[in-house]
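Colleague: Let's see this in three dimensions:
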Amino acid sequence: MWSDNEADIDLLSFDFLVDELVVALTQPQLLPLTIGVLGDWGSGKSSLLKIVQSELENVEKGTYLCVPFSPWQYEDYDDVKLSLMRAVLDVCETHLGTSEETQKLRNFIGQLARAGRNALLWGLGVAPGAMSGLAASVDPTLLDPSTAAVVATTLGQSATMLAETLDGEDGVAQEAPISSIAEFRLRFTELLESMEGVEAIVVLIDDLDRSLPNTVLDTFEAIRLFLNSPKTAFVIAAHRKVVEAAIDSTYPAFKKENGAGLGHDYLEKMLQIQVSVPALSVQDTSTYVNLLLAHLHLPADDFLTVYEAVKERRAREPFAQPFNASVAIDVLKDRYPDELRKDLDWSEQVIPAIASTLRGNPRQTKRFLNDLRLRLSAAARRGVILDSRVLAKLMVLEELDFDAFQQLFDWQLETNGPVSELDRAESPAAPPSNTKSKSEPKKDVLSETVSDKKPIKSAKSTASSPRGRMAQKEESVGVSGDEVELPSDILVRTWRGRPAVTSWLQIEPPLGKQDLRPYFTYFRSRLVVGSVVSKLAIELQEIFSRLTSESPVVRRAAATDAANLGKVQQDELLEVVLSDLKQRPEGSAWDAAGELVSRINGMAPGLCVVLSLIPHRLIPHLKVPALLSRIPDGSDRDGLIAAWKSSEVAQLSAVGSVAARGRTLNTGGQ
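Modeller: Alright, predicted model coming up:
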C-alpha cells in the first residue's frame, strides 16, 4: 500500500518543472517574486513543492531558506495572515538568532492579533498613527479602482475601532515601536538584508485551494502588504478555478460587464510566473505505476539503484520509456523478484486504460493501486487467491464504464461459471447460434447496427428468470424461416459496442472462459445485487444499454425506440431508468432520463418526484439546465426549480436561480 502523502523524490517525471521553478527562484533580479503552481487536485503539486524545496536546500546550505506553509492548517485556530508572518520570522530567527529587530516585528504582529479582524480594513492591519497614511500603505494592486470610495468612507471608523483595541485598560495607548504596514515592511526588508549569505527566503504555500475564501485573501494580503521584500519569493500551489471562485465569492459586487468575477484578473496581477502541472501522459503514468510497484517489492538499496537508472535514462532519452519490465531485467538482473515481475506484467496491459480513465492524475492512479492491493489482501485473508491481472482488468472496466460493469455482473448472477455473454463479446466473428442461413456467408452479427436487422419477433415468457425468458425468446426466434438476430445477441453486441467496453476487451487476459464470481465478491460495495435492469426482458435490456451509452447519437436512437414501445413495456423501462437515477444520480441514467422525458408523454411528473428525492449534494448541477429544458410544462418543474434555488449547495442554488429567472422571462414574454 502507498500513502497519499507528497513524495520528496521525483516519481512523476517532473524534472522539467523542477528545473523551471529552481531557475526562476535563483535569479536575484526577479525578486521579489510570486509563482503560481497551478493544477488539478491530485496532480502532484505538493510533491513538486517538496522536490523544489529539497533542490533549493541542496544548492548551498543556508543560501536559500525555505518556509513550508499550509494556510488550511491554521484557519480554525489563528489569523492565517499572522501565522504566515510568524512562520517567516521563525526561519529568520533560526538563521540569525533572536534580536531586538525580530522582537519589534513580533510585537507589531501581536498588536494586529489583539486588534482582531473586525478592526481591520479589508483585513489590513494598521496601527492608529498610520491611519492618515493608509492610502500610501495599501498596495494598489490589491484593490479594484472602484473600491477607493469605500476606503475613504471607512477610514475614520476603522481608526477609532483599532485605537480602542490597542489602548490599555487605563485608556493610555501602548507604545508601538512599529506603527504602520509601511514601517513593518521596511524593518522586515532591513532584517533580510542583514542576513549574510542568504540569497532569498522562499515561502512554499500549499493547500490554498482547500481553504475558506477569507483564508485565500488573507494569504495574498500577507504576501503583498507585509512580506513582499526584495529577498523573498513565494510559490503558491493551488487549483486555479477553486482560488478564482474564492476571490469571486469574497467580492461578489465587483463583476465585469460579461458577468465574470475578479478572480482571474486578481491572480494575473498577483502571480508573476505561472507554472501549469500537466496531466501525466500514458508513458509517464506507466513509469509512475511501475516505480510504485518497484518501491513495494524491492529492498531500499535495489529501489535506489532502479530510481537512479530511471533518472539517467530520462536525461539521456527523454521520450523513451524509462522503466518497464525489460529495464527492470537489465538493471536488477538476478535480483528481479517474481512478485515485481508479475505486477509489471499486468501493469503493461492496463496502464493505457488507467491513464485515459483517470486522466493522468497521480493521486487517483495511486488510489487505484491501493484499491487493487487492498482487494488482493482481503481475499488472501480469506484464503482466496485472486489473479492480479484479472482483478486489475475488472477494476479498469469499473472505472471506465460502471453501467457496463454492472451489466457484466448481472450476467454473472445468472450463471454458476464463466459468463457466456462475455465469451461471445470476446469472439465477435462467431455467428448467433440459432440463426438460419447455412448457405450464406457468415456475418459478424455482433458488430452490425440495430438498423441493419429485421424486427425481433416477440413471444410471451413464462420463465421466472431473465435467462429463462431469454431461452424461450431465442427458441421462438430460432424456428423462423428468416435470418434474425437473437435478442441476447443484440444485447451483447450493444454492450460490446460501448466505446469503453470496446477498448477494454483488448486488454489481456481474456476473461470469457473464467469464473468471475470470486472477483465480484470484492466489488460488492458498489454493485447492485439483483439490479432491476436484470429483471427486464432482453430487448428492453438492450434499449436500456443504449440509453446509458456515452454517445448522444446512440442515446437519441434508443429513446426513439423506447417511444415506440407499448405502454406496458414503456412503464417497465421507465421504472428501471428512474430507479437507477435515484440510486446513482451521477451516472448515465441522468442523460437517459433527459432523452426520454421529451419523447414519452406522462413521464415528467414521475421524473420530477424522483429528482426531488435526490440529496442536493449529489445532483450533477452542470447537467441540470439541459434536463430542465426538456421537461415540458404542466409538471412540477417549477416546484423543482424553486427547491433547487433555495438549496444550501451553492452551485445548485446558482443553477436554480438562473433557471428561475429564465422561467420568469419566458412567462413574461407570452
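Colleague: could you point out where the chain is predicted with low confidence?
Modeller: Scanning the chain for pLDDT under 70 picks out 1-8, 75-78, 111-179, 257-259, 428-487, 528-532, 534, 634-635, 661-670.
Colleague: Kindly report the domain assignment for it.
Modeller: Using automatic domain parsing, the domain parsing of the chain gives 15-166+174-276, 282-399, 418-600, 606-670.
Colleague: any chance of those domains in a markdown table, plus mean neighbour count and distance to residue 405?
Modeller: For glycine as for every other residue, the C-beta is placed from the backbone atoms N, C-alpha and C. Listed next are the domains of the chain as a markdown table, based on neighbours: other Cβ atoms under 10 Å; distance: least, Cβ to Cβ, whole Å:
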| stretch | mean neighbour count | distance to residue 405 |
| --- | --- | --- |
| domain 15-166+174-276 | 18 | 23 |
| domain 282-399 | 17 | 5 |
| domain 418-600 | 17 | 8 |
| domain 606-670 | 15 | 19 |
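Colleague: how about those, which one is nearest residue 407?
Modeller: Closest to residue 407 of the domains of the chain is domain 418-600 (Cβ to Cβ; 5.8 Å).
Colleague: how long is that closest one from one end to the other?
Modeller: Using Cα to Cα, to the nearest Å, one end of domain 418-600 lies 38 Å from the other.
Colleague: quick revisit: would you list the domains of the chain in JSON lines and tack on distance to residue 409?
Modeller: Compiled in JSON lines, the domains of the chain are given as follows (distance: least, Cβ to Cβ, whole Å):
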{"stretch": "domain 15-166+174-276", "distance to residue 409": "28"}
{"stretch": "domain 282-399", "distance to residue 409": "10"}
{"stretch": "domain 418-600", "distance to residue 409": "5"}
{"stretch": "domain 606-670", "distance to residue 409": "22"}
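Colleague: And those domains: which comes nearest residue 412?
Modeller: Closest approach to residue 412 among the domains of the chain is made by domain 418-600 (5.3 Å; Cβ to Cβ).
Colleague: follow-up on the earlier one: what's the closest of the domains of the chain to residue 411?
Modeller: Closest to residue 411 of the domains of the chain, according to Cβ to Cβ: domain 418-600, at 4.8 Å.
Colleague: wait, doesn't residue 213 sit right on residue 252?
Modeller: No: with contact defined as Cβ atoms under 8 Å, residue 213 and residue 252 do not form a contacting pair (10.4 Å).
Colleague: where along the stretch 151-300 of the chain do the helices fall?
Modeller: With DSSP state H, counting those that start in this stretch, the ranges of helices along the stretch 151-300 of the chain come out as 181-193, 213-221, 240-250, 263-270, 282-297, 300-316.
Colleague: CSV for those, including distance to residue 94?
Modeller: Listed next are those as CSV, based on distance: least, Cβ to Cβ, whole Å:
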stretch, distance to residue 94
helix 181-193, 13
helix 213-221, 22
helix 240-250, 30
helix 263-270, 28
helix 282-297, 33
helix 300-316, 30
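Colleague: which one of those helices lies closest to residue 633?
Modeller: The closest of the helices of the stretch 151-300 of the chain to residue 633 is helix 240-250. By Cβ to Cβ, the value is 33.8 Å.
Colleague: so how far is the closest one off the chain centroid?
Modeller: How far helix 240-250 lies from its chain's middle: 17 Å, per Cα atoms, centre = their mean, to the nearest Å.
Colleague: before we move on, what about stretch 642-652?
Modeller: In terms of Cα atoms, centre = their mean, the centre of stretch 642-652 is set 22 Å apart from its chain centre.
Colleague: How far does that stretch stretch from one end to the other?
Modeller: 11 Å.
Colleague: do you know which of the helices of the stretch 151-300 of the chain lies nearest residue 616?
Modeller: Taking Cβ to Cβ, helix 240-250 is the member of those nearest to residue 616, at 18.3 Å.
Colleague: still on that earlier bit, I'd like to know which of the helices of the stretch 151-300 of the chain is closest to residue 362.
Modeller: Nearest to residue 362, of these and by Cβ to Cβ, is helix 282-297 at 6.3 Å.
Colleague: how far away is residue 329 from residue 336?
Modeller: Remark: distance between residue 329 and residue 336 (Cβ to Cβ, to the nearest Å) = 6 Å.
Colleague: Residue 563: what's it in contact with?
Modeller: 570, 596, 599, 600 (Cβ atoms under 8 Å, 6 or more residues apart in numbering).
Colleague: give the contact list for the residue nearest to residue 15 when sequence neighbours are not counted.
Modeller: Using Cβ to Cβ, 6 or more residues apart in numbering and skipping the chain neighbours, the partner closest in space to residue 15 is residue 314 (6.5 Å). For residue 314, the contact set (Cβ under 8 Å, 6+ apart) comprises 13, 15, 322.
Colleague: Take those and keep only those in helices.
Modeller: The helices, defined by DSSP state H, take in residue 15 from the contacts of residue 314.
Colleague: Turn the contacts of residue 314 into TSV, including distance to residue 345.
Modeller: As requested, the contacts of residue 314 are arranged in TSV below (distance: Cβ to Cβ, whole Å):
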residue	distance to residue 345
13	22
15	28
322	18
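Colleague: ok, now which ones touch residue 231?
Modeller: Contacts of residue 231 were listed using Cβ under 8 Å, 6+ apart, and they are 31, 32, 189, 192, 193, 195, 198, 199, 200, 201.
Colleague: Do a quick rundown of the strands in the stretch 451-600 of the chain.
Modeller: Shown for the stretch 451-600 of the chain, no strands are assigned by DSSP state E, counting those that start in this stretch.
Colleague: wait, the stretch 301-450 of the chain
Modeller: In the stretch 301-450 of the chain, no strands are found when defined by DSSP E, counting those that start in this stretch.
Colleague: Nearest to residue 651, out of the helices of the stretch 151-300 of the chain?
Modeller: Closest of those to residue 651 is helix 240-250, at 9.7 Å (criterion: Cβ to Cβ).
Colleague: Just the angle for the closest one relative to helix 263-270, thanks.
Modeller: On the basis of axes from the mean of the first three to the mean of the last three Cα atoms, to 10 degrees, helix 240-250 is oriented at 110 degrees to helix 263-270.
Colleague: Run through who's touching helix 240-250.
Modeller: Applying Cβ under 8 Å, 6+ apart, the contact partners of helix 240-250 are 36, 38, 208-209, 211-214, 216-217, 261-264, 266-267.
Colleague: what's the farthest-apart pair in those residues?
Modeller: 38 and 214, at 21.1 Å, using Cβ to Cβ across the contacts of helix 240-250.
Colleague: so how far is residue 389 from residue 344?
Modeller: Going from residue 344 to residue 389 by Cβ to Cβ gives 11 Å.
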